[in-house]
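Asker: Got a predicted model here, sequence first, then my questions.
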Amino acid sequence: MVNNREANLSILVGKNLKLARKLKGITQKQIATELNKYQSDYSEYETGRIQLDYDKIVYLCKRFDITPNDLFGFDD
């Protein structure tokens, strides 16, 4: 069961993921293809409906040139 804190974190991660993707000029469809996902599945990461697994976190951080701290909204 997901609690409010986890749900809020998923939403924050999704917003940061969306921002990072847009700053790189990449569409949801492009990144979904790279992840072997449908665009509609990838969009659920950006809305916080589905949480990212470790492999996807690492891949997306490298792909968007951000740190996990950036993704999770932690200050250095």
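Answerer: Arrived safely, thanks for sending.
Asker: Ends of stretch 33-46, what's the gap?
Answerer: Using Cα to Cα, to the nearest Å, the end-to-end distance of stretch 33-46 comes to 15 Å.
Asker: From the rest of the structure, what touches the biggest helix by length in the chain?
Answerer: Across the chain, the longest stretch assigned as helix under DSSP state H is helix 4-23. With contact meaning Cβ atoms under 8 Å, 6 or more residues apart in numbering, helix 4-23 is reached by 2, 28, 31, 45-49, 51-52, 60, 64, 66, 70-73. (Each C-beta comes from the backbone N, C-alpha and C, glycine too.)
Asker: Please pull up the helix or strand immediately following it.
Answerer: Following helix 4-23 in sequence order, the next helix or strand is helix 28-34 (DSSP states H and E).
Asker: in that following helix, what's buried?
Answerer: Q28, I31, A32 (16 or more other Cβ atoms under 10 Å).
Asker: and the residue nearest to the last one when sequence neighbours are not counted, what is it in contact with?
Answerer: For A32, the nearest residue in space outside its immediate sequence neighbours is Y42; the separation is 3.8 Å by Cβ to Cβ, 6 or more residues apart in numbering. Y42 makes contacts with Q28, I31, A32, L35, as judged by Cβ under 8 Å, 6+ apart.
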